[in-house]
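K.L.:
give me the fold of what follows.
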Amino acid sequence: MANKINKKEKIEKSKKKEKIIVSACLLGEKCRYDGLVIKNSEINKLAEKFELIPVCPEVLGGLPVPRPPAEIESGDGHTVLEGNSRILDNLGNDVTVNFIKGAQTTLRIIQGHKVQRVILKSKSPSCGLNNIIRNGHKIKGSGVTAALLLQNRLSLEEFE
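P.N.:
Model prediction:
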């Protein structure tokens, strides 16, 4: 009897989809700073093979939708996490605390789901992996959430 139960458990485990954390905006959730809805067809195709868990670090950090656009003042997300830079919205409000809180909450969600793979929105001050935007120009660097996840050795990808 125990063998039948073990076989059934193994079959059920093999049917479970691997979980991937995905920037919620890439899944078409209304969480972008400008309130627009975008969808990435490549990401949506992943739902056939994986369990996609949406997160928006900026909303998790307490920022509303829509909200003023924000940029990292100098350096990148690593510089912010070190306490050597701030994130300011285009009205001059310091939203650094919100971005750090959102990054930390995202990390806890990832750890809670035991996820190793994360797909982030490119060029974002939160999620940008290789590039962020400053003064309307794309520059090399990571957003705050991407920087924290890199520090925790997670597998990160980015999509437009």
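K.L.:
ok, Ile133 - contacts?
P.N.:
Contact partners of Ile133, counting by CB atoms under 8 Å, 6 or more residues apart in numbering, are 71, 123, 125, 139. For the C-beta atoms, the positions are set from N, CA and C on the backbone; glycine is no exception.
K.L.:
mind giving me the ChimeraX select for the residues you listed, buried ones only?
P.N.:
Restricted to buried positions by 16 or more other CB atoms under 10 Å, the ChimeraX selection for these reads:
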select :71,123,125
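K.L.:
narrow the contacts of Ile133 to those in strands?
P.N.:
Cross-referencing the contacts of Ile133 against strands under DSSP state E gives 71, 139.
K.L.:
so can I have TSV of the contacts of Ile133 showing pLDDT and distance to Glu158?
P.N.:
Output for the contacts of Ile133, formatted as TSV (pLDDT from 0 to 100; distance: CB to CB, whole Å):
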residue	pLDDT	distance to Glu158
Glu71	97	17
Lys123	95	8
Pro125	97	13
Ile139	95	15
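K.L.:
which single one of the contacts of Ile133 is nearest to Asn90?
P.N.:
Glu71 (7.9 Å; CB to CB).
K.L.:
what distance do you get for that closest one to Pro64?
P.N.:
Going from Glu71 to Pro64 by CB to CB, to the nearest Å gives 18 Å.
K.L.:
with Ala146 instead?
P.N.:
22 Å.
K.L.:
the more surrounded of those two?
P.N.:
Taking other CB atoms under 10 Å, Ala146 and Pro64 do not tie; Ala146 has more neighbours (31 against 11).
K.L.:
residues contacting that one?
P.N.:
Per CB under 8 Å, 6+ apart, neighbours of Ala146: 77, 120, 126-129, 156, 158.
K.L.:
I'd say Pro66 and Gly35 touch.
P.N.:
Yes. Counting by CB atoms under 8 Å, Pro66 sits close enough to Gly35 to count as a contact (3.7 Å).
K.L.:
shaky segments in this protein?
P.N.:
1-15 (pLDDT under 70).
K.L.:
now do the helices in it.
P.N.:
In the chain, the segments counted as helices under DSSP state H are 2-15, 41-46, 57-60, 77-81, 96-113, 144-151.
K.L.:
ok, residues contacting the longest one?
P.N.:
Helix 96-113 is touched from outside by 19, 21, 53, 55-63, 70, 77, 80-81, 86-87, 118, 125-126, 144-145, 147-149, 152, 154, with contacts defined as CB under 8 Å, 6+ apart.
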